[in-house]
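Q: Show me the folded form of this:
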Amino acid sequence: MQVYLLPCYQSENWRTLITMTNRILHGCGVFRNVTNCRTCSLFTNAKLIDNAIAIHCNQPVTRVVIISTAQFGYHIDTYYYCKYLKDRCRVTYIGWDLGFSPIDMDGIQVISVSRQGGPVRLIRFLNTFWHQTKNNNDIVFIKYFKFVSWILRLLRPDNPMVLDIRTGSVEKNRLVREFYDAVLKIEALFFDNITVISSGLSKKLGLEKSAKILPLGAETISSTEKVFNDIRLLYVGTLYNRNLENVIYGLQEYLAQTGAIGKIIVTIVGDGSPGQLGQLITETERCGISGIVVFAGRVPHDQLQPLFDTHNIGLSYIPLTPYFDEQPPTKTYEYLMSGMPVIGTRTAANQLIINSENGVLIGDSPHDVCAGIQIMIQKMNQFSSEKIRISVQNYQWHRIVDHLFTYLCGIR
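A: The predicted structure follows:
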């Protein structure tokens, strides 16, 4: 990859020099894109725009402070923002200490704020934010913090700041859901720079004209070639508001029809509201299938590889509701990137990813789950892990963060 770096001179003529160089390069027809950042101007060959952007400066380009309600490492998107930004700028992550096992990453300053103390904890969080963003050149990247994002904007009006929206409300109660979405829209009014996970969500929130799409990405968690001679089904994700009891009932129906005990195993990774995991375990025992369903509970993202190595089919079960329909599913991408075909519910987002070459689309009833397993078994000998990975190669996290970095360099 050819990369040309132009130092940012302190004299007032440096912008003129950039403009002149830009005209020369465009006149030669070699380059189509110019990206100016605080430390250097990067000119990249047009054919390689979508590839990794190589930045080699003597000093970090800038500092990015990422704000999230999640403990570091337990929200996938911000974890990978940090992973692929840290080699090109200094990164600080501020989030809650939720009591989970700490996850570290070399090159990232992680600040975990205690949630003890009731309302005092918010003051503690705001105080931490205030002290970490004193430099007006620091870019503040906020993963939407309900009721608080607008306060952060008012506290630091001079900092370049981005509001990142990963989801709308997914509350079951329609009035509650509409209220939270309305609050989100009001808070978004305080920001000039907004990123949204999908065009569907952007349109739903009325932000399609002002927001930039920052799509979901995925990482190759497992590089093994999967063997498709049995069913080893893996679900990774939250249990909250997902109606996973329908998966249990669908599995029970499948076993009652086929008697295929010993030829199928299901592992469910994740947790939900207090007591929710226990309720699912109880329901599994009541259905008489506890011998083939394993509940692993919450597993840190950096410890998922053994599970992805030993399972060969991913389950992307999302209830078919209007509020989930446009929500891109993280795990669908990760299953596919790891060479696993996917049984996925027919949400609008899943339909953009899953096709006959890499999985099976189903409804969300127990009978649909049963039918999906049966169709998957019929297609098992048609799948290739290599081809499945190729089908989602454009969604790799390093490519997503390349574009994010370019975007951050241009905001004010």
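Q: How are the strands of the stretch 201-350 of the chain distributed by residue range?
A: With DSSP state E, counting those that start in this stretch as the criterion, the stretch 201-350 of the chain has strands at 211-213, 231-236, 264-269, 293-297, 313-316, 342-345.
Q: Please, which helix or strand holds the nearest residue to residue 168 once chain neighbours are set aside?
A: Excluding the flanking residues, the one nearest residue 168 by Cβ to Cβ, 6 or more residues apart in numbering is residue 181, at 5.3 Å. Bear in mind the C-beta positions are built from the backbone N, C-alpha and C, glycine included. Per DSSP states H and E, residue 181 falls inside helix 174-188.
Q: Give me the distance between that helix and the centre of its chain.
A: With Cα atoms, centre = their mean, to the nearest Å as the basis, helix 174-188 stands 21 Å off its chain's centre.
Q: List the pairing partners of the following helix or strand past that helix within its sheet, with orientation.
A: Moving toward the C-terminus from helix 174-188, the next helix or strand (DSSP H and E) is strand 193-196. Strand 193-196 pairs in its sheet with strand 161-165 (parallel), strand 211-213 (parallel), by DSSP bridges.
Q: Only C-alpha atoms, please: export strand 193-196 in PDB.
A: What follows is strand 193-196, C-alpha atoms only, in PDB (Å, rounded to 0.1, in the frame of the first residue of the first chain):
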ATOM      1  CA  ASN A 193     -21.400  14.400  14.900                       C
ATOM      2  CA  ILE A 194     -23.500  11.200  15.200                       C
ATOM      3  CA  THR A 195     -22.800   7.700  14.100                       C
ATOM      4  CA  VAL A 196     -25.600   5.000  13.900                       C
END
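Q: can you list contacts of it?
A: Strand 193-196 is contacted from outside by 160-165, 188, 202, 205, 207, 210-214, 404, 407, 411, using Cβ atoms under 8 Å, 6 or more residues apart in numbering.
Q: what's the angle from the helix or strand hosting residue 64 to strand 161-165?
A: Residue 64 is part of strand 63-67, with elements assigned from DSSP H and E. If you take axes from the mean of the first three to the mean of the last three Cα atoms, to 10 degrees, strand 63-67 sits at 40 degrees to strand 161-165.
Q: Might you list the low-confidence residue ranges for this structure?
A: 1-61 (pLDDT under 70).
Q: Tell me the secondary structure of the residue sitting nearest the centre point of it, please.
A: When Cα atoms, centre = their mean is applied to the chain, the residue found nearest the centroid is residue 77 (3.5 Å). Following DSSP: H, G, I helix; E, B strand; the rest coil, the label given to residue 77 is helix.
Q: Could you dump the strands paired with strand 193-196 into TSV and include distance to residue 193 and mean neighbour count?
A: Shown next, in TSV, are the strands paired with strand 193-196 (distance: least, Cβ to Cβ, whole Å; neighbours: other Cβ atoms under 10 Å):
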stretch	distance to residue 193	mean neighbour count
strand 161-165	4	25
strand 211-213	8	18
